[in-house]
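Visitor: just need the structure, nothing else, for what follows:
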Amino acid sequence: MFKAILLTVDLTHPESWQRALPQAVELVRVSGGALHIMSVVPDMGTPLVEGFFPEDFEKKAIAAASAALDDLVAREVPEEIEVHQHLAFGKIHKKILKAIETTGCDLVMMASHKPDRVREFLVGSNADRVVRRSPVSVLVVRA
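Guide: Residues are numbered from 1 along each chain as shown. Presented below is the predicted three-dimensional model:
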């Protein structure tokens, strides 16, 4: 069925994985594939905004996210599941699309909040961007 599933999670919002992670684990268990869990620490977007953060912000944010990802995997992924962790820093949808290539996954799973028309109009949805550009199937789990 699926040889590799890429599950994207937002470590600051448990609803981004609480429903999707158990489903991903079950799909991996049934198919005998591997689970790739990825989180992206978003960048500030512009140099102007970056100037308001401490110089070592990126380093500290990545270290905190790495520890949180380690904890999530240890706590929530059964030992018999082959799991690979991925952490990135930058534009969320771009990093996910890059991970699709590098992991060789054949399914992406991600949670999406109920659409908010104003937010969607102004910045768009990362799930929407991934669905439109992904070379593999994407399963969106409503949070």
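
Visitor: now do the strands in the protein.
Guide: Assigned by DSSP state E, the chain shows strands spanning 4-9, 34-42, 83-90, 107-112, 137-142.

Visitor: wait, which of those is closest to Arg19?
Guide: For Arg19, the closest of the strands of the chain is strand 137-142, at 5.2 Å, according to CB to CB. To be clear about C-beta, it is placed using only N, CA and C from the backbone, and glycine gets the same treatment.

Visitor: and Val138, how many residues sit next to it?
Guide: For Val138, the neighbour count with other CB atoms under 10 Å is 18.

Visitor: quickly list what it is bridged to.
Guide: Val108 (DSSP bridges).

Visitor: so how far is Ala63 from the closest residue to Met38 other than its chain neighbours?
Guide: Distances taken as CB to CB, 6 or more residues apart in numbering put His86 closest to Met38, at 4.1 Å, once the chain neighbours are dropped. According to CB to CB, to the nearest Å, His86 stands 16 Å off from Ala63.

Visitor: so those two - more neighbours on which side?
Guide: Higher neighbour count among His86 and Ala63: His86, with 19 against 13, using other CB under 10 Å.

Visitor: which residue, neighbours along the chain excluded, lies closest to Ser125?
Guide: With sequence-adjacent residues excluded and distances taken as CB to CB, 6+ apart, Ser125 is closest to Ser112, at 6.4 Å.
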